[in-house]
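**Q** All I have is the shape, not the residue letters:
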C-alpha cells in the first residue's frame, strides 16, 4: 500500500496521483515519502503509454506543507545534511526531466519543499481558496531552499521577484501567485480537474505563458543588473537582521556565485550552504521554536477537557476600539456570527470603520477577494445593547482597563447571556479573578489576551482564573486555535505572562535613557541584541498613556520592583490636555529623530539624579534590559504562571518579538549562564534594589541548574 503517493491506473494515458500521507494530518516530504516518489517516477518513465501525470492532494487545506522537519533533527553531521539535500535535488530533477506533461493542482499549503516539488512540474494551477498559500519559508528555519528553489523560482517569476521571496519566506495566495507567474492560473476548486484535462488535451496551448516586462526582463537578461539587485538586497538584509541570521546571507551568496553557472553547480552550492547552516545555533533555535509553535496551534492538553472551536457559531465582542474591532473581524472571517457592541452609535461606527478599513486593505493586497470581504461583513453586526446575546457561545470583553468598568460590563453580561456562554476578558494588566469578582458564576470567566494589532500578532494567552472551569478554558482555547493563533496557557496574575515580563524591560528602558549620554543608545543596543525595535519605539507603538496605566496596575500588584520609571510618569503628567503625551520620535524627510519635547524631559529627569549621564556599553545596557525579564520569568515558573521554560520562550518570541535566533529569554539565560546573571543582578542591585535576583533564580544558580535540559 502506498504511503503518500497514491497513483491510479492510467486513464486515456493520464495518471492521476493523489498526495495523501494517510497516517499524518499534513503531507510532508520525508526520506520515506521521497523514496516512494522516486519509485513512482521510475515507473512512469518506463511506461511509454503514459502521456501525462496530474498531482492533486487528498487532504483539505494542504497540498504539501514542505519537508518533514523531524528529518532535520536526525541529521547529526554536515555530510548527512548534504546527502539529504542531494536526495531531494536528484528526485526533483527526475521529475523535471520527464518528457511528458506534469501538472500540480495546488489546493492548500504549498510551502518549502512542497513548492519546490510544484516548481519541478511543468504546469502549476492553484485553487483560489483562502487556505492556499505558496512560499519558500526555509529562511525562517535558519536554512535556504535546498531542492531546486533557488534555481527554478527565478525562472518562474523572474530574478528580481525571486530574490525577496527567497530572503524573507514571504507567502502568496493563489491570485498573487498567478499575477507573479509562480502558478499558471488560479481557479475555483471545482475547476481544477477540468483545467488539468484541458491542458493535457491541448498539449498546454490553453496555458498563457508568463512574460516579464520592463526592468524585470532587463535584469533577467543582464548579469551585471542581477549583481546590482543582490547588492541592494544585501544592504537591506544587513539593515534588517544586523547579521544575526546567516541564512539570507547564504542565499545571497548562492544566487551571486551561481550567476552564469550550470544548474548542478548551483545545487552543489546549496548543499554546502545548508550543511554549514544546519550545524549552526541559529537554525537549531529556529527549528526548536517552529516545533513549539506548531504544538501551540491547538488547544493545550493540560486544560483538562476538550472543546471544538467549530461548535462556536455565535460570539460577541464588547468594546469597539481598534483591538475589539480587530478581534471581531477575525471571528467574522471564520463564519462566526459576531456582534460588535459599544456604549453609543459613534463608538460602534468607529469600530465598523476600522473593520472596513482592514477588509479594504486585504482586498487591495489580494489577500482576500471582494466576495470574502462582503461575507465577513455579513457575519458582523454592530450593536449598542445586549439583545441577541442569549445565543452567544462566547463573549469577549475589550473595554477600558478600569476595574469598575469591567465589573459593570460583566454584571450586565451575566444577565444577558445563557449560563453556558463563556465570558472572556482581554485585560492586559488586571487579573481574571478581579474581573470575575462580582459574577455569580465565575467558572464561566476566563482570560483571552490578544496582542495588538490582533490581525498580525500571532500569540494569544489563554488565562485560567482560580475559578475558571476546564470547559470554559477549553472553549476559549479552541476559539483561539480556530482563528489560527499560537496559544500559551498561563495562570492568573496581573499582566499574565508576557506583560508581566515586559514591564521591567520597559521600566529599565525609561531609567536608562536618563542615565546614558545618548538616549538613543538604549534603542540601538536593544536592536543590536536582536529585538525587532527599541523600547522607545515600542513606547510610541503602545502609547505613553496606555503604558503608564498598565504600569500603575503592575506597581499595585507587585510593589516596588515594578515601580514605573519616573520619566514615563513625568511625560504623562506634563502632557497637554488636548494632544496628550508626546510621541518619542518625530518623522521628517531626513528620517526619524528624538522628539525635542521628550529630549527636554529626559534632560530634566537626568538633572534630578545624583549621578550624571555616562557612557555605557551595549552589553551593559542589554544586561539592564534583559536580565530583569529572566528574573521575573523565574518567578513566573516558580509560581506556576507558566508551565515550562518553553512556554516562556514561545510567549516572548511570539508576543514581543524577543530575538528568535536566541531562542527566547530562558534559552538565552542558559547560554549566558544563570550564575553569571545572578552575579550581575546582585551587582546592579547595589544601586538599583529593584534588580535583586529572586530566590527562584538564586536556587537555580546555586544548584547549577538550567532552565532547559543541556541536550535541547
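**A** The structure has been received and is ready for your questions. The model shown is predicted, which means the values in this text are computed figures rather than measured ones.

**Q** pLDDT below threshold where in the chain?
**A** Low-confidence segments of the chain (pLDDT under 70): 299-309, 577, 711-712.

**Q** what's the domain layout of it?
**A** Recorded structural domains for the chain (assignment: automatic domain parsing) are 5-279, 301-484, 499-574+601-703.

**Q** can I get the ones you listed in CSV with mean neighbour count and distance to residue 582?
**A** For glycine as for every other residue, the C-beta is placed from the backbone atoms N, C-alpha and C. Below are those laid out as CSV (neighbours: other Cβ atoms under 10 Å; distance: least, Cβ to Cβ, whole Å):
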stretch, mean neighbour count, distance to residue 582
domain 5-279, 19, 27
domain 301-484, 19, 20
domain 499-574+601-703, 19, 7
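
**Q** Residue 593: which of those is closest?
**A** Of all the domains of the chain, it is domain 499-574+601-703 that lies closest to residue 593, at 9.0 Å by Cβ to Cβ.

**Q** first to last residue in that closest one, what's the distance?
**A** With Cα to Cα, to the nearest Å as the measure, domain 499-574+601-703 spans 29 Å from end to end.

**Q** cool, and stretch 640-660?
**A** Taking Cα to Cα, the first and last residues of stretch 640-660 lie 24 Å apart.

**Q** tell me how far that stretch is from the chain's mean position?
**A** Remark: stretch 640-660 is offset 13 Å from the chain centroid, using Cα atoms, centre = their mean, to the nearest Å.

**Q** just to revisit the earlier point, just send the domains of the chain back as CSV, with distance to residue 289 too.
**A** Shown next, in CSV, are those (distance: least, Cβ to Cβ, whole Å):
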stretch, distance to residue 289
domain 5-279, 9
domain 301-484, 12
domain 499-574+601-703, 6
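
**Q** Indicate which one of those domains is closest to residue 292.
**A** Residue 292 lies closest, by Cβ to Cβ, to one member of those: domain 499-574+601-703, at 4.7 Å.

**Q** what helix or strand does residue 372 sit in?
**A** In this assignment (DSSP states H and E), residue 372 forms part of helix 370-378.

**Q** what separates the nearest residue to residue 537 once chain neighbours are set aside from residue 529, distance-wise?
**A** Spatial nearest neighbour of residue 537, excluding adjacent residues (Cβ to Cβ, 6 or more residues apart in numbering): residue 523 at 6.2 Å. For residue 523, the distance to residue 529 (Cβ to Cβ, to the nearest Å) stands at 11 Å.

**Q** Would you verify that the residue nearest to residue 537 is located in a helix?
**A** Yes: the assignment for residue 523 (DSSP: H, G, I helix; E, B strand; the rest coil) places it in a helix.

**Q** rewinding a little: minimum distance to residue 290: which of the domains of the chain has it?
**A** When those are compared by Cβ to Cβ, domain 5-279 sits nearest residue 290, at 5.9 Å.

**Q** Surely residue 422 touches residue 446?
**A** Yes: using Cβ atoms under 8 Å, residue 422 is in contact with residue 446, at 6.4 Å.

**Q** Need the residues touching each of these two.
**A** In terms of Cβ atoms under 8 Å, 6 or more residues apart in numbering, residue 422 and residue 446 are both contacted by the residues 472, 476.

**Q** quick one: the helices in the stretch 351-500 of the chain?
**A** For the stretch 351-500 of the chain, the helices defined by DSSP state H, counting those that start in this stretch occupy 370-378, 403-416, 432-435, 470-483, 498-512.

**Q** now the ones you listed in a markdown table, with distance to residue 123?
**A** Output for the helices of the stretch 351-500 of the chain, formatted as a markdown table (distance: least, Cβ to Cβ, whole Å):
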| stretch | distance to residue 123 |
| --- | --- |
| helix 370-378 | 26 |
| helix 403-416 | 54 |
| helix 432-435 | 54 |
| helix 470-483 | 34 |
| helix 498-512 | 46 |
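
**Q** do you know which of the ones you listed lies nearest residue 621?
**A** Shortest distance between residue 621 and these, using Cβ to Cβ, is found for helix 498-512: 6.2 Å.

**Q** Quick check: the residue nearest to residue 537 vs residue 667, distance?
**A** Noted for residue 523: a distance of 23 Å to residue 667, by Cβ to Cβ.

**Q** Quick check: the spatially most central residue of the chain vs residue 396, distance?
**A** Compute the mean C-alpha point of the chain, and by Cα atoms, centre = their mean the closest residue is residue 458, 4.8 Å away. Separation of residue 458 from residue 396 (Cβ to Cβ): 18 Å.

**Q** How about residues contacting the helix holding residue 372?
**A** For helix 370-378, the external contacting residues (Cβ under 8 Å, 6+ apart) are 130, 329, 332-333, 335, 355-356, 359-360, 362-363, 368.

**Q** I'd like to know which of those residues is nearest to residue 625.
**A** residue 329 (34.2 Å).

**Q** Surely that closest one is in a strand?
**A** No: Residue 329 is assigned helix when assessed by three-state DSSP, not a strand.

**Q** Go ahead and confirm it touches residue 368.
**A** No: Residue 329 is beyond contact range of residue 368, at 11.1 Å (criterion: Cβ under 8 Å).

**Q** any common contacting residues for the two?
**A** Here residue 329 and residue 368 share the contacting residues 359, 376, scored by Cβ under 8 Å, 6+ apart.

**Q** so which helix or strand takes in residue 144?
**A** Counting by DSSP H and E, residue 144 is found in no helix or strand.

**Q** ok, residue 366 touching residue 174?
**A** No: the pair residue 366 and residue 174 fails to qualify as a contact (Cβ under 8 Å) at a distance of 9.3 Å.

**Q** Tell me the buried residues in stretch 286-293?
**A** Neighbour-count burial for stretch 286-293 flags 286-290, 292-293 (criterion: 16 or more other Cβ atoms under 10 Å).

**Q** Give me the residues contacting it.
**A** Applying Cβ under 8 Å, 6+ apart, the contact partners of stretch 286-293 are 69, 72-73, 140-142, 458, 486, 646, 649-650, 653-654, 660-661, 663-664, 667, 712.

**Q** could you say what helices and strands the helix or strand that contains residue 156 packs with?
**A** Assessed by DSSP H and E, residue 156 sits inside helix 149-157. Packing partners of helix 149-157 (3 or more Cβ pairs under 8 Å, 6 or more residues apart in numbering; DSSP states H and E): helix 113-120, helix 159-168, helix 246-257, helix 263-278.

**Q** what angle do that helix and helix 159-168 make?
**A** 140 degrees (axes from the mean of the first three to the mean of the last three Cα atoms, to 10 degrees).

**Q** how far out from the middle of the chain is helix 149-157?
**A** Centre-to-centre, helix 149-157 and its host chain are 26 Å apart (Cα atoms, centre = their mean).

**Q** Check stretch 187-201 too.
**A** 34 Å.

**Q** Please list the residues outside that stretch that contact it.
**A** With Cβ under 8 Å, 6+ apart as the criterion, stretch 187-201 contacts 14, 51-52, 54, 56, 101, 103, 105, 107, 123, 125-129, 185, 206-207.

**Q** So which of the residues you listed are in helices?
**A** Secondary structure from DSSP state H places none of these in helices.

**Q** In strands, which of the residues you listed fall?
**A** Among those, the ones falling in strands (DSSP state E) are 14, 52, 54, 56, 103, 105, 123, 125-127, 185.

**Q** Residue 410: which of those residues is nearest?
**A** Using Cβ to Cβ, those come closest to residue 410 at residue 127, 43.4 Å.

**Q** separation between the closest one and residue 266?
**A** Between residue 127 and residue 266 the computed distance is 31 Å (Cβ to Cβ).

**Q** Run through the strands of the stretch 601-712 of the chain in chain order.
**A** According to DSSP state E, counting those that start in this stretch, the stretch 601-712 of the chain carries no segments that qualify as strands.

**Q** in it, which spans are helices?
**A** Counting by DSSP H, counting those that start in this stretch, the helices of the stretch 601-712 of the chain are 618-638, 645-656, 665-672, 674-685, 695-703.

**Q** how far does the first one sit from the chain's center?
**A** Average the C-alpha atoms of helix 618-638, do the same for its chain, and the two points are 23 Å apart (Cα atoms, centre = their mean).

**Q** If I take it and helix 645-656, what angle do their directions form?
**A** 120 degrees.
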